[in-house]
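1. Based on what follows, work out the 3D shape:
(chains A and B)
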Amino acid sequence: MRVLRMPLPVKHGPFQIQTHPSSYTSHASPRLPLSFVSFNPSTNPANNNDNLIQSLCKQGYLKQAVKALYSDPNPTQKTFELLIYSCVEENSLSAALHVHRKLVLSGFGQDPFLATKLINMYCDLGSVDHACKVFDETRERTIFVWNAVLRALAKAGRGEKLLELYCRMNWVGVKSNRFTYTFVLKGCVVSEMSICPLKKGKEIHAHILRHGFEGCVHVMTTLLDVYAKFGCVSYASSVFGAMPTKNIVSWSAMIACYAKNEMPVKALELFQVMMLEACDSVPNPVTMVSVLQACASLAALENGKLVHGYVLRRGLDSILPVLNTLITMYGRCGEIPTGQRVFDYMKKRDVVSWNSLISIYGMHGFGKKAIGIFENMIHQGVLPSYISFITVLCACSHAGLVEEGKILFESMLNKYRIRPSMEHYACIVDLLGRANRLDEAIKLIESMDFKPGRTVWGSLLGACRIQCNVELAERASSMLFELEPNNAGNYVLLSDIYAKSRMWNDVRRVRKQLESRGLQKIPSYSRIEVKRKIYSLVSVEEYNPQIEELRAFLTTLLTEIKNQGYVPQTNVVIYDLDEEEKEVILLGHSGKLAVAFGLINSSKGETIRITNNLRLCEDCHGFMKFVSKFVNREIFLRDVNRFHCFRDGVCSCGDYW
DNA sequence: ATAGGGTTAG
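-> Numbers count the residues shown, from 1 in each chain, chains lettered A, B, ... in the order given. Take a look at the predicted model:
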């Protein structure tokens, strides 16, 4: 039998909470008095209120249930369980604290079952400190109690403390189970850890194997996902390959891993394998989102349409994330009107839907349109998120809308109470930099109340390249070399800027620096979809069986467009060579090979869609303009940060990119 | 009693 340990002095209770329930409100300030709540145990006889409380909980009357709880002299474990559940449902921390207090007053303070529920409750309410406190005060720590606190720490991103507790758990001899490992693994992904998180992940991997959990689908899928999030695709795929049983979640996790780690072709291939071989794994919305993302990153419109058809047949076209991804997919394939149509026909929209639409207009250079959509969103009562501002600021940046961008940036804090983050500053630096207002950009960086990070310096360095500002580029890159010494892209960017200024000694110096760090220039490649198949073309193209044909084709094309006025921009070549050699190098750029491949292998009138893994170079940009006119074809080319649509000799970006 | 994959940006 339970012993009622009343009364307890408040300081022995779990927290310093209000002692009187009349101060309880569901969401807002806990100090607001509610007239209907009264605390008078004497008016309530010994008869049990449990049934009343439980039915109040089930009907969603949390306030009344808490009131009834406080006049119940003998609440049961079941009653507390239901109340805890309701607090989470109603997302009310203040109610939770009252329930917790009464729980202790009623003598359940050491009940490990309820301790587990309390920890999970505080975790779900976002208060990891309260969760930890319950854990600390619970003497009998069952595996459920341990798992609950690990879950709370993982969710809060407190990896360091999580691993510390996991060690303690092993030390005191508590045996981990499959649930434990999923939480511990998730804890490895959080970034605040000082120890190398990937190394920790591998250690946990070893624990999992040693304790015989390699057959547990949940554990292995989490492990796969952890490797995926670290970008270790080969580890992820070997975990996936070793799984004795796979289900739709593990397949989806692996597809997502490829899609997110710049291997979209692999993602599509794996999807195909799953459809053919794993009959019991039926794709669900989560799967389809990743597949659509893969199509989007490839600008593989034909594949994307096929997948869209499948989504419709399966009736998944009412799922918000699927539709949001469809907007992005069409937009990133250069089909804005279709993306817009998906948006228009949506029965329900969330802020992500709006952001997706803003983003696709923005990346095509339709800045004013993007701002219009942003304003329309506000007008419809949708609260902008911090991503809304990133998308709309980027849209301004691509279109050179400096004043508009600055006004939006100001409004973030003034109007919407969103504190601009590093990313927002990076957008503004980009916006100012592209518009050749580098002084303003650097002033803004200096005025920031936090230390500028890689995104901000990266934006500045990118702008220096466009503006060919060596001095500022040196400053930005020295910061970047410190912040991310192993990012080859920064070295390449700096050497490009030197090359543009014909400072060949400096070009060589930076190249040496790059090599001495054991880094390599990221090879540029282009992808093109022809008749639903995806082809990759690398700048130094050795493997394509059609290479001779491509070269011959390009040489002819070159002669033709030179007659139309095209002048190769040999200054983008970072080697100190003579002009003719530079022209040969330029002709080998992957974008040009891709366009030649597309022209040779597609029918007249078909649009050419190409994606580039790097930023398009100025020469390729000029080349495409002439080619589009000469062969009378539309060429869509998406590079790392925006879209170019070449038609009849002009580009949709208006040469501003 | 507790658990695994996905949407927008850069």
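2. Show me what the lowest-mean-pLDDT helix or strand in chain A is in contact with.
-> In chain A, no helix or strand scores lower on mean pLDDT, DSSP states H and E than helix A:579-587, which sits at a mean of 86. Residues outside helix A:579-587 that contact it (CB atoms under 8 Å, 6 or more residues apart in numbering): A:551, A:554-555, A:558, A:568-570, A:572-573, A:575, A:577, A:592, A:619-620, A:623. Every C-beta, even on glycine, is put in place using the N, C-alpha and C of the backbone.
3. for stretch A:352-360, same thing?
-> Here stretch A:352-360 makes contact (CB under 8 Å, 6+ apart) with A:320-321, A:323-325, A:327-328, A:330-332, A:336, A:339-340, A:343, A:346, A:370, A:373-374, A:377, A:382, A:385, A:387-388, A:391-392, A:394-395.
4. Restricted to strands, list those residues.
-> Among these, no member falls in strands (DSSP state E).
5. If we check DNA strand B, which of the residues you listed are in contact?
-> Among those, the ones lying near DNA strand B by CB under 7 Å from any atom of the strand are A:Leu320, A:Pro321, A:Asn324, A:Thr325, A:Thr328, A:Ser385, A:Ile387, A:Ser388, A:Thr391, A:Cys394.
6. Of those, keep whichever come out buried.
-> A:Pro321, A:Asn324, A:Thr325, A:Thr328, A:Ser385, A:Ile387, A:Ser388, A:Thr391, A:Cys394 (16 or more other CB atoms under 10 Å).
7. Go through these and name the one nearest A:Val249.
-> Distances from A:Val249 to these, taken as CB to CB, are shortest for A:Pro321 (15.7 Å).
8. residues contacting the closest one?
-> A:Pro285, A:Val289, A:Val352.
9. Return only those of those residues found close to DNA strand B.
-> Among those, DNA strand B is touched by A:Pro285, A:Val289, A:Val352 when using CB under 7 Å from any atom of the strand.
10. Next one: the last one from A:Ile255, what distance?
-> Relative to A:Ile255, A:Val352 is positioned 20 Å away (CB to CB, to the nearest Å).
11. Of these two, give the one with the bigger neighbour count.
-> A:Ile255 (29 against 18; other CB atoms under 10 Å).
12. The more buried one against A:Phe271, yeah?
-> Yes: if you go by CB atoms under 8 Å, A:Ile255 and A:Phe271 touch, sitting 5.6 Å apart.
13. which neighbours do these two share?
-> A:Thr287, A:Val291, A:Ala294.
14. List the buried residues of the biggest helix by length in chain A.
-> Among the segments of chain A that qualify as a helix by DSSP state H, the longest is helix A:547-563. For helix A:547-563, the neighbour count (16+ other CB under 10 Å) marks A:Leu550, A:Arg551, A:Phe553, A:Leu554, A:Leu557, A:Leu558, A:Ile561 as buried.
15. and what of stretch A:443-461?
-> For stretch A:443-461, using 16+ other CB under 10 Å, the buried residues are A:Leu444, A:Ile445, A:Pro452, A:Gly453, A:Arg454, A:Thr455, A:Val456, A:Trp457, A:Gly458, A:Ser459, A:Leu460, A:Leu461.
16. restrict those to those near DNA strand B?
-> A:Thr455, A:Gly458, A:Ser459.
17. list the contacts for A:His379?
-> No residues are in contact with A:His379 under the rule CB under 8 Å, 6+ apart.
18. quick revisit: list just the nearest of the ones next to DNA strand B among the contacts of A:Pro321 to A:Arg527.
-> A:Val289 (20.7 Å).
19. Just the residues contacting the host helix or strand of that closest one, thanks.
-> If you go by DSSP states H and E, A:Val289 is part of helix A:285-298. Contacting residues not belonging to helix A:285-298 are listed as A:248-249, A:251-252, A:255-256, A:258-260, A:262, A:264-265, A:267-268, A:271, A:283, A:300-301, A:303-304, A:307-308, A:310-311, A:316, A:319, A:321-322, A:325-326, A:328-329, A:331-333, A:527, A:529, A:534, A:611 [CB under 8 Å, 6+ apart].
20. Buried subset of the residues you listed, written for PyMOL?
-> The following PyMOL line selects those of the contacts of helix A:285-298 that are buried, judged by 16+ other CB under 10 Å:
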select buried, chain A and resi 248+249+251+252+255+256+258+259+260+264+265+267+268+271+283+300+301+303+304+307+308+311+316+319+321+322+325+326+328+329+331+332+333+527+529+534+611
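21. can you map out the strands along the stretch 551-657 of chain A?
-> A:608-612, A:635-638, A:643-647, A:650-651 (DSSP state E, counting those that start in this stretch).
22. Including mean pLDDT and distance to DNA strand B, could the ones you listed go into JSON lines?
-> Converted to JSON lines, the strands of the stretch 551-657 of chain A look like this (pLDDT from 0 to 100; distance: least, CB to the nearest atom of the strand, whole Å):
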{"stretch": "strand A:608-612", "mean pLDDT": "96", "distance to DNA strand B": "14"}
{"stretch": "strand A:635-638", "mean pLDDT": "96", "distance to DNA strand B": "11"}
{"stretch": "strand A:643-647", "mean pLDDT": "95", "distance to DNA strand B": "11"}
{"stretch": "strand A:650-651", "mean pLDDT": "94", "distance to DNA strand B": "19"}
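23. Tabulate those strands (CSV), appending distance to A:Val402.
-> CSV is the format used below for the strands of the stretch 551-657 of chain A (distance: least, CB to CB, whole Å):
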stretch, distance to A:Val402
strand A:608-612, 26
strand A:635-638, 24
strand A:643-647, 21
strand A:650-651, 21
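24. Out of the ones you listed, which gets nearest to A:Gln546?
-> Per CB to CB, nearest to A:Gln546 of the strands of the stretch 551-657 of chain A: strand A:608-612, 15.5 Å.
25. Any chance you could list what contacts the closest one?
-> A:297-301, A:333-334, A:524-529, A:590-591, A:594-595, A:598-599, A:602, A:633-640.
26. neighbouring strands for it, and are they parallel or not?
-> As defined by DSSP bridges, the strand partners of strand A:608-612 come to strand A:525-530 (antiparallel), strand A:635-638 (parallel).
27. Now do the first one against helix A:285-298, angle only.
-> Computed with axes from the mean of the first three to the mean of the last three CA atoms, to 10 degrees, the direction of strand A:525-530 lies at 110 degrees from that of helix A:285-298.
28. Which element is encountered next along the chain beyond strand A:525-530?
-> With DSSP H and E, the next secondary element past strand A:525-530 is strand A:533-538.
29. Quick one: mean pLDDT for that following strand?
-> Strand A:533-538 carries an average pLDDT of 93.
30. who's in contact with the most centrally placed residue in chain A?
-> Nearest residue to the geometric centre of chain A (CA atoms, centre = their mean): A:Lys260, 9.0 Å. A:Lys260 is in contact with A:Ala228, A:Ser290, A:Gln293, counting by CB under 8 Å, 6+ apart.
31. quick one on the thing from earlier: can you select the buried ones among the contacts of helix A:579-587 for me in PyMOL?
-> Buried members of those, defined by 16+ other CB under 10 Å, are picked up in PyMOL with:
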select buried, chain A and resi 551+554+558+568+569+570+572+573+592+619+620+623
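32. from the contacts of helix A:579-587, which is closest to A:Val510?
-> Each of those was scored against A:Val510 by CB to CB, and A:Tyr575 proved nearest at 13.0 Å.
33. Need the phi and psi values for that closest one.
-> Taking degrees, to the nearest 10, you get phi -100, psi 150 for the backbone angles of A:Tyr575.
34. Over to A:Leu383?
-> phi -70, psi 130.
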